[in-house]
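Trainee: I'll drop the sequence and a predicted model, then ask my questions.
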Amino acid sequence: MALVKITDYYTDTIDSRFDVDNISNFDVYVATNEKVGTVHDILVDEASGRFRYLVVDTGFWIFGKKVLLPVGRADIHYTDKIVYAKGLTKEQVEDLPNYDELEEIGYDYEEQVRNVYRGSVASSSLTQPAAYDRGTYNYEQDSSLYDIPETDSQSDGQSLKLYEERLIANKQRRKTGEVSIGKHVETETARVAIPVEKERVVIERTSPTSTKAASAPANAFRSGEVARMEIYEEKADIHKEAVVKEEVRVKKVVDTETLEASEQLRREELDIDSQGRPIVNK
(Lines give C-alpha, C1' and ligand atoms only; values in the text may rest on other atoms or scores of the structure.)
Protein backbone atom coordinates (compact mmCIF):
# COMPACT_ATOMS: atom_id res chain seq x y z
CA MET A 1 0.00 0.00 0.00
CA ALA A 2 2.68 2.46 -1.02
CA LEU A 3 1.60 6.09 -1.27
CA VAL A 4 2.90 8.51 -3.91
CA LYS A 5 2.28 12.15 -4.65
CA ILE A 6 -0.25 12.86 -7.38
CA THR A 7 2.43 14.60 -9.46
CA ASP A 8 4.45 11.35 -9.52
CA TYR A 9 1.51 9.17 -10.57
CA TYR A 10 1.07 8.66 -14.30
CA THR A 11 -1.40 5.78 -14.72
CA ASP A 12 -4.75 6.25 -16.47
CA THR A 13 -6.59 4.35 -13.71
CA ILE A 14 -6.48 7.27 -11.31
CA ASP A 15 -9.57 7.88 -9.19
CA SER A 16 -11.91 9.94 -11.36
CA ARG A 17 -13.94 11.24 -8.44
CA PHE A 18 -11.43 14.02 -7.83
CA ASP A 19 -10.86 17.05 -10.05
CA VAL A 20 -7.10 17.05 -9.43
CA ASP A 21 -6.34 20.16 -11.48
CA ASN A 22 -8.58 22.31 -9.28
CA ILE A 23 -8.01 20.94 -5.77
CA SER A 24 -4.45 22.18 -5.45
CA ASN A 25 -4.22 25.31 -3.30
CA PHE A 26 -7.84 25.06 -2.14
CA ASP A 27 -8.38 26.67 1.26
CA VAL A 28 -9.13 24.28 4.12
CA TYR A 29 -11.74 25.16 6.74
CA VAL A 30 -13.25 23.42 9.75
CA ALA A 31 -16.94 23.28 10.63
CA THR A 32 -16.73 26.57 12.55
CA ASN A 33 -15.71 28.34 9.29
CA GLU A 34 -12.24 28.87 10.71
CA LYS A 35 -9.50 28.63 8.12
CA VAL A 36 -6.98 25.88 8.84
CA GLY A 37 -4.63 26.25 5.90
CA THR A 38 -4.38 25.17 2.25
CA VAL A 39 -4.16 21.93 0.26
CA HIS A 40 -0.46 21.37 -0.39
CA ASP A 41 -0.56 18.02 -2.20
CA ILE A 42 -2.52 14.78 -2.72
CA LEU A 43 -1.34 11.27 -1.88
CA VAL A 44 -2.51 8.35 -4.02
CA ASP A 45 -2.44 4.60 -3.50
CA GLU A 46 0.20 3.49 -6.00
CA ALA A 47 -1.44 0.09 -6.55
CA SER A 48 -5.09 1.08 -7.01
CA GLY A 49 -4.94 4.75 -7.96
CA ARG A 50 -7.37 5.62 -5.16
CA PHE A 51 -6.99 8.91 -3.31
CA ARG A 52 -6.02 8.44 0.33
CA TYR A 53 -4.92 11.76 1.82
CA LEU A 54 -4.89 15.49 1.27
CA VAL A 55 -1.67 17.09 2.51
CA VAL A 56 -2.76 20.20 4.42
CA ASP A 57 -0.34 23.02 5.15
CA THR A 58 -1.63 24.26 8.53
CA GLY A 59 0.19 27.55 8.48
CA PHE A 60 -2.81 29.36 9.94
CA TRP A 61 -2.99 27.08 12.97
CA ILE A 62 0.51 25.72 13.49
CA PHE A 63 3.09 27.50 11.38
CA GLY A 64 5.26 25.25 9.23
CA LYS A 65 3.44 22.00 9.97
CA LYS A 66 1.92 19.82 7.25
CA VAL A 67 -0.45 17.01 8.19
CA LEU A 68 -2.45 14.33 6.38
CA LEU A 69 -6.22 14.58 6.07
CA PRO A 70 -7.92 11.31 5.00
CA VAL A 71 -10.12 11.86 1.95
CA GLY A 72 -13.14 10.55 3.86
CA ARG A 73 -12.85 13.57 6.15
CA ALA A 74 -12.64 16.05 3.24
CA ASP A 75 -15.82 17.73 2.04
CA ILE A 76 -14.76 19.41 -1.22
CA HIS A 77 -16.67 22.40 -2.62
CA TYR A 78 -15.29 23.10 -6.08
CA THR A 79 -17.49 26.13 -6.65
CA ASP A 80 -16.16 27.92 -3.56
CA LYS A 81 -12.66 26.39 -3.88
CA ILE A 82 -12.90 25.23 -0.27
CA VAL A 83 -12.28 21.92 1.51
CA TYR A 84 -14.08 21.40 4.80
CA ALA A 85 -12.14 19.11 7.15
CA LYS A 86 -14.93 17.27 8.94
CA GLY A 87 -14.41 16.90 12.68
CA LEU A 88 -10.85 18.24 12.61
CA THR A 89 -9.70 20.07 15.74
CA LYS A 90 -6.59 22.01 16.61
CA GLU A 91 -5.72 19.37 19.21
CA GLN A 92 -5.76 16.72 16.50
CA VAL A 93 -3.46 18.81 14.31
CA GLU A 94 -1.04 19.11 17.22
CA ASP A 95 -1.14 15.33 17.76
CA LEU A 96 -0.74 14.41 14.09
CA PRO A 97 2.81 13.57 12.91
CA ASN A 98 4.42 16.20 10.72
CA TYR A 99 4.43 15.31 7.02
CA ASP A 100 7.90 15.26 5.50
CA GLU A 101 7.96 15.01 1.70
CA LEU A 102 11.31 13.22 1.81
CA GLU A 103 10.13 10.60 4.31
CA GLU A 104 8.58 7.31 3.18
CA ILE A 105 5.05 6.87 4.49
CA GLY A 106 4.61 3.33 5.77
CA TYR A 107 2.08 1.41 7.81
CA ASP A 108 3.39 2.69 11.16
CA TYR A 109 3.19 6.31 10.06
CA GLU A 110 -0.35 5.86 8.74
CA GLU A 111 -1.41 4.18 11.97
CA GLN A 112 -0.28 7.25 13.89
CA VAL A 113 -2.46 9.35 11.59
CA ARG A 114 -5.43 6.97 11.78
CA ASN A 115 -5.28 6.68 15.56
CA VAL A 116 -5.58 10.45 15.89
CA TYR A 117 -8.70 10.48 13.74
CA ARG A 118 -10.03 7.35 15.46
CA GLY A 119 -9.86 9.24 18.73
CA SER A 120 -6.66 7.92 20.31
CA VAL A 121 -3.12 9.13 19.76
CA ALA A 122 -0.62 6.48 18.71
CA SER A 123 2.04 5.90 21.30
CA SER A 124 5.69 6.45 20.62
CA SER A 125 6.20 2.66 20.62
CA LEU A 126 3.74 2.39 17.70
CA THR A 127 1.80 -0.43 19.47
CA GLN A 128 -1.30 -1.17 17.34
CA PRO A 129 -4.78 -2.07 18.62
CA ALA A 130 -5.72 -5.73 18.32
CA ALA A 131 -8.42 -4.96 15.72
CA TYR A 132 -5.80 -3.89 13.17
CA ASP A 133 -3.10 -6.20 11.87
CA ARG A 134 -0.12 -5.09 9.80
CA GLY A 135 -0.29 -8.09 7.51
CA THR A 136 -4.04 -8.07 6.79
CA TYR A 137 -4.97 -4.40 7.06
CA ASN A 138 -6.86 -2.76 4.20
CA TYR A 139 -8.38 0.69 3.90
CA GLU A 140 -11.93 -0.70 3.92
CA GLN A 141 -11.50 -1.31 7.65
CA ASP A 142 -11.51 2.48 8.06
CA SER A 143 -14.25 3.31 5.57
CA SER A 144 -15.12 6.46 7.49
CA LEU A 145 -11.64 7.76 6.78
CA TYR A 146 -11.23 6.74 3.16
CA ASP A 147 -14.68 6.61 1.54
CA ILE A 148 -14.96 9.73 -0.59
CA PRO A 149 -18.07 11.77 0.23
CA GLU A 150 -20.21 13.29 -2.50
CA THR A 151 -18.99 16.75 -3.51
CA ASP A 152 -20.95 19.68 -4.85
CA SER A 153 -19.82 18.84 -8.40
CA GLN A 154 -20.85 15.19 -8.02
CA SER A 155 -24.32 16.11 -6.80
CA ASP A 156 -24.89 18.06 -10.04
CA GLY A 157 -23.87 15.09 -12.22
CA GLN A 158 -20.71 14.08 -14.01
CA SER A 159 -18.62 16.51 -16.03
CA LEU A 160 -16.57 16.03 -19.18
CA LYS A 161 -13.85 18.43 -20.18
CA LEU A 162 -13.36 19.23 -23.85
CA TYR A 163 -9.95 20.48 -24.91
CA GLU A 164 -8.73 22.35 -27.95
CA GLU A 165 -5.36 23.47 -29.18
CA ARG A 166 -4.57 27.11 -29.79
CA LEU A 167 -1.78 28.59 -31.84
CA ILE A 168 0.39 30.78 -29.64
CA ALA A 169 2.83 33.15 -31.33
CA ASN A 170 5.81 34.33 -29.35
CA LYS A 171 8.98 36.15 -30.32
CA GLN A 172 12.51 35.42 -29.18
CA ARG A 173 15.36 37.85 -29.60
CA ARG A 174 18.58 36.20 -30.72
CA LYS A 175 21.92 37.43 -32.02
CA THR A 176 22.38 36.95 -35.76
CA GLY A 177 25.65 38.78 -36.31
CA GLU A 178 28.01 41.51 -35.22
CA VAL A 179 29.56 44.49 -37.01
CA SER A 180 32.85 45.89 -35.74
CA ILE A 181 34.15 49.23 -37.02
CA GLY A 182 37.71 50.23 -36.21
CA LYS A 183 40.59 52.15 -37.77
CA HIS A 184 44.22 51.56 -38.68
CA VAL A 185 47.13 53.71 -39.82
CA GLU A 186 48.46 53.65 -43.35
CA THR A 187 51.72 55.39 -44.33
CA GLU A 188 52.46 57.12 -47.62
CA THR A 189 55.18 59.49 -48.87
CA ALA A 190 53.97 63.03 -49.55
CA ARG A 191 55.91 65.61 -51.54
CA VAL A 192 55.51 69.36 -51.44
CA ALA A 193 57.23 72.16 -53.41
CA ILE A 194 57.70 75.59 -51.93
CA PRO A 195 59.62 78.49 -53.56
CA VAL A 196 62.13 80.31 -51.32
CA GLU A 197 63.82 83.66 -51.98
CA LYS A 198 67.49 84.43 -51.41
CA GLU A 199 68.99 87.91 -51.68
CA ARG A 200 72.42 88.49 -53.25
CA VAL A 201 74.53 91.60 -53.86
CA VAL A 202 75.17 92.75 -57.38
CA ILE A 203 78.10 95.18 -57.82
CA GLU A 204 77.97 97.33 -60.91
CA ARG A 205 80.80 99.59 -62.09
CA THR A 206 80.24 102.48 -64.56
CA SER A 207 82.55 105.12 -66.13
CA PRO A 208 81.33 108.78 -66.21
CA THR A 209 80.81 110.18 -69.66
CA SER A 210 81.08 113.94 -68.91
CA THR A 211 84.17 115.85 -67.74
CA LYS A 212 82.26 117.73 -65.06
CA ALA A 213 80.96 114.65 -63.52
CA ALA A 214 84.39 113.06 -63.55
CA SER A 215 86.02 115.78 -61.44
CA ALA A 216 86.67 114.64 -57.85
CA PRO A 217 85.29 116.53 -54.84
CA ALA A 218 87.50 118.16 -52.23
CA ASN A 219 86.96 115.33 -49.68
CA ALA A 220 87.99 112.62 -52.03
CA PHE A 221 90.51 110.04 -51.12
CA ARG A 222 89.18 109.15 -47.63
CA SER A 223 90.13 105.73 -46.40
CA GLY A 224 87.86 103.55 -44.31
CA GLU A 225 84.63 104.49 -46.03
CA VAL A 226 82.30 101.47 -46.17
CA ALA A 227 78.92 100.87 -47.82
CA ARG A 228 76.76 98.25 -45.90
CA MET A 229 73.75 96.30 -47.19
CA GLU A 230 71.85 93.51 -45.31
CA ILE A 231 71.17 90.32 -47.25
CA TYR A 232 68.17 88.00 -46.43
CA GLU A 233 67.00 84.64 -47.64
CA GLU A 234 63.90 82.45 -46.98
CA LYS A 235 64.13 78.96 -45.49
CA ALA A 236 61.43 76.30 -45.89
CA ASP A 237 59.53 75.37 -42.68
CA ILE A 238 58.00 71.90 -43.38
CA HIS A 239 56.30 69.91 -40.55
CA LYS A 240 53.37 67.49 -40.02
CA GLU A 241 50.06 68.40 -38.38
CA ALA A 242 47.04 66.09 -37.63
CA VAL A 243 43.68 67.38 -38.78
CA VAL A 244 40.17 65.80 -38.94
CA LYS A 245 39.72 64.34 -42.39
CA GLU A 246 36.32 62.62 -41.90
CA GLU A 247 33.85 61.74 -39.12
CA VAL A 248 32.03 58.37 -39.07
CA ARG A 249 28.82 57.84 -37.10
CA VAL A 250 27.49 54.32 -36.34
CA LYS A 251 23.83 53.63 -35.51
CA LYS A 252 21.21 50.88 -35.89
CA VAL A 253 17.87 50.95 -37.66
CA VAL A 254 15.10 48.36 -37.29
CA ASP A 255 13.40 46.85 -40.31
CA THR A 256 10.05 45.15 -39.66
CA GLU A 257 8.67 42.24 -41.61
CA THR A 258 5.70 39.94 -40.99
CA LEU A 259 6.26 36.19 -40.81
CA GLU A 260 3.37 33.80 -41.29
CA ALA A 261 3.09 30.22 -40.03
CA SER A 262 0.37 27.61 -40.12
CA GLU A 263 -0.24 24.55 -37.94
CA GLN A 264 -2.88 21.84 -37.68
CA LEU A 265 -4.89 22.46 -34.49
CA ARG A 266 -6.92 19.77 -32.74
CA ARG A 267 -10.24 20.38 -31.00
CA GLU A 268 -12.42 17.96 -29.09
CA GLU A 269 -16.10 17.89 -29.94
CA LEU A 270 -18.84 16.17 -28.00
CA ASP A 271 -20.13 12.86 -29.38
CA ILE A 272 -23.56 11.93 -28.04
CA ASP A 273 -24.94 8.39 -28.27
CA SER A 274 -28.48 8.57 -26.95
CA GLN A 275 -29.29 4.88 -27.60
CA GLY A 276 -32.90 5.72 -28.27
CA ARG A 277 -33.30 7.93 -25.22
CA PRO A 278 -34.33 11.58 -25.57
CA ILE A 279 -31.69 14.24 -25.05
CA VAL A 280 -32.32 17.65 -23.60
CA ASN A 281 -29.80 20.27 -24.74
CA LYS A 282 -28.94 23.06 -22.35
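Mentor: Perfect, I can see it now. If you're wondering where the values come from, they're calculated on a predicted model, not measured in any experiment. Numbering: from 1, shown residues only.

Trainee: all contacts plus neighbour counts: C-alpha atoms, from now on.
Mentor: OK.

Trainee: Helices of this protein, start to end?
Mentor: Listed in chain order, the helices of the chain (DSSP state H) span 20-23, 90-95, 107-118, 143-146, 152-155, 211-214.

Trainee: Least reliable of the ones you listed by average pLDDT, please.
Mentor: Of all these, mean pLDDT reaches its minimum on helix 152-155 (a mean of 49).

Trainee: List the buried residues of stretch 54-67.
Mentor: By neighbour count with 16 or more other Cα atoms under 10 Å, stretch 54-67 contains the buried residues Leu54, Val55, Val56, Asp57, Thr58, Lys65, Lys66, Val67.

Trainee: Next one, pLDDT for the third one please.
Mentor: The model reports Val56 with a pLDDT of 92.

Trainee: Report the two of the buried residues of stretch 54-67 separated the most.
Mentor: Distance extremes for the buried residues of stretch 54-67: the farthest pair is Leu54 and Lys65 at 13.7 Å, using Cα to Cα.

Trainee: Touching both of these two, which residues are there?
Mentor: The overlap between the contact sets of Leu54 and Lys65 (Cα atoms under 8 Å, 6 or more residues apart in numbering) is empty.

Trainee: quick one: the closest residue in space to Asp45 that isn't next to it in sequence from Ala47, how far?
Mentor: In this structure, Asp45 finds its nearest non-sequential neighbour in Leu3, 4.8 Å apart by Cα to Cα, 6 or more residues apart in numbering. According to Cα to Cα, to the nearest Å, Leu3 stands 9 Å off from Ala47.

Trainee: Just want to know which of these two has more residues nearby.
Mentor: Leu3 (20 against 13; other Cα atoms under 10 Å).

Trainee: May I have the residues that are in contact with that one?
Mentor: Going by Cα under 8 Å, 6+ apart, Leu3 touches Leu43, Val44, Asp45, Glu46, Ile105.

Trainee: Same question for Glu186.
Mentor: For Glu186, the contact set (Cα under 8 Å, 6+ apart) is empty.

Trainee: Over to Pro97?
Mentor: Val67, Tyr109, Gln112, Val113 are the contacts of Pro97 under Cα under 8 Å, 6+ apart.

Trainee: repeat that with 10 Å
Mentor: Taking Cα atoms under 10 Å, 6 or more residues apart in numbering, we find Pro97 in contact with Lys65, Lys66, Val67, Leu68, Tyr109, Glu110, Gln112, Val113, Val116, Ala122.

Trainee: Could you report the neighbour count for Ala2?
Mentor: Counted with other Cα under 10 Å, residues neighbouring Ala2 total 13.

Trainee: isn't it right up against Tyr109?
Mentor: No - here Ala2 does not reach Tyr109: they are 11.7 Å apart, not a contact under Cα atoms under 10 Å.

Trainee: residue closest to the middle of the protein?
Mentor: Nearest residue to the geometric centre of the chain (Cα atoms, centre = their mean): Gln172, 13.2 Å.

Trainee: Quick one: low-confidence residue ranges for this structure.
Mentor: In the prediction, the chain carries residues with pLDDT under 70 at positions 1, 9-22, 120-131, 149-160, 210-215, 274-282.

Trainee: And the strands in it, which stretches?
Mentor: Assigned by DSSP state E, the strands in the chain fall at 3-5, 27-29, 35-45, 51-57, 66-70, 74-77, 82-85.

Trainee: Make CSV out of these and add distance to Thr136.
Mentor: Converted to CSV, those look like this (distance: least, Cα to Cα, whole Å):
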stretch, distance to Thr136
strand 3-5, 17
strand 27-29, 33
strand 35-45, 16
strand 51-57, 18
strand 66-70, 20
strand 74-77, 26
strand 82-85, 28
